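Student: Have a look; sequence and predicted model below, questions after that.
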Amino acid sequence: MMNIYDIRRENLRLLVDVNFLGSQTKLANKVGVGPNLISRLLSGNPAQAQRMGHKLARRIEAALGVTENWMDQPPRRVAEHRRQFLET
């Protein structure tokens with residue numbers, strides 16, 4: 001079972017891939033954080049990975065216009081995410 005940090009990491013990866021065509025820098029600029037933070041959040045290496053806390057998850061949601069607590073929901077399939085993002 002995935003913990004909240006794994007869920008947020010996978011949802012962040014989905015946002016980068018779908019909404020920013022794989023560009024961590026573009027997502028970072030939209031959220032107002034450094035690209036290195038996004039890289040650390042997405043790191044698959046547990047020694048280098050940084051956990052995404054509640055405040056940052058809410059900040060990302062607000063910046064991207066997704067519903068509050070979206071980052072905490074189980075990862076969606078790409079098609080479902082595209083549909084939801086385009087509707088907002």
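Tutor: On my side now, so go ahead.
Student: mind listing the helices in this structure by residue range?
Tutor: Ranges of helices within the chain are 4-19, 24-31, 35-42, 54-64, 78-87, based on DSSP state H.
Student: so where's the protein uncertain?
Tutor: 76-79, 81-88 (pLDDT under 70).
Student: can you rerun that using 50?
Tutor: For the chain, no stretch has pLDDT under 50.
Student: Pull up the gap between the most far-flung residue of it relative to its centre and Ala63, please.
Tutor: Within the chain, the residue lying farthest from the chain centre (CA atoms, centre = their mean) is Ala47, at 19.6 Å. According to CB to CB, to the nearest Å, Ala47 and Ala63 sit 28 Å apart. Quick note: C-beta positions are derived from backbone N, CA and C, even for glycine.
Student: got it, and Val31?
Tutor: Taking CB to CB, one finds Val31 at 5 Å from Ala63.
Student: the more surrounded of the two?
Tutor: Val31 (19 against 14; other CB atoms under 10 Å).
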